[in-house]
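Asks: here you go, sequence then predicted model.
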Amino acid sequence: MVGCTAKPEPLVFGKDACHTCKMTLVDSKYGAELVTKKGKIYKFDDLNCMLNFYHSGYEEISDFKFIQVIDFSVPEKLIDAQHAWYVKSANLRTPMASEVAAFETEQSTQVLKKEWNGVLLSWGEIQTQFK
């Protein structure tokens with residue numbers, strides 16, 4: 001297959017729908033995307049929708065080439081979920097009640113973590129929250 005490459009694509013807020021809950025993506029501070037090695041793209045409005053699908057067995061985890069989340073501090077910017085930092089707080093109003101915001105760097109979490117009275121989590125820790 002010539003010209004068939006697996007790569008992420010931007011989330012289109014107001015148009016794309018979440019693969020899990022079918023709701024339209026509307027909040028550009030939240031969202032996620034999974035891309036398989038074959039190029040199939042799954043889009044999500046919230047981290048819990050993505051992680052529920054990720055762990056569902058519908059696709060093998062090893063088949064995902066890209067696992068991305070939106071950087072809360074840079075709306076619409078997709079970042080590598082496995083290297084992101086997460087803040088979980090009951091003060092966050094996320095699209096599907098995950099109460100989690102993702103950040104590209106640990107440093108960018110500090111002010112909001114304190115303001116939200118949140119807990120800082122890594123990729124491994126955040127996965128256990130939604131199993």
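Replies: Alright, I've got the coordinates. Numbering: from 1, shown residues only.
Asks: and the helix or strand of the chain with the lowest mean pLDDT, what's buried?
Replies: Taking mean pLDDT, DSSP states H and E as the measure, the chain has helix 110-116 as its least confident helix or strand, at a mean of 87. When neighbours are counted by 16 or more other CB atoms under 10 Å, the buried residues of helix 110-116 are found to be 112-113, 116. Bear in mind the C-beta positions are built from the backbone N, C-alpha and C, glycine included.
Asks: next, the contact list for Lys15, please.
Replies: Neighbouring residues of Lys15 by CB atoms under 8 Å, 6 or more residues apart in numbering: 24-25.
Asks: try it again at 7 Å.
Replies: With CB atoms under 7 Å, 6 or more residues apart in numbering as the criterion, no residue contacts Lys15.
Asks: mind checking how far it is from Gly39?
Replies: Here the distance between Lys15 and Gly39 works out to 20 Å (CB to CB, to the nearest Å).
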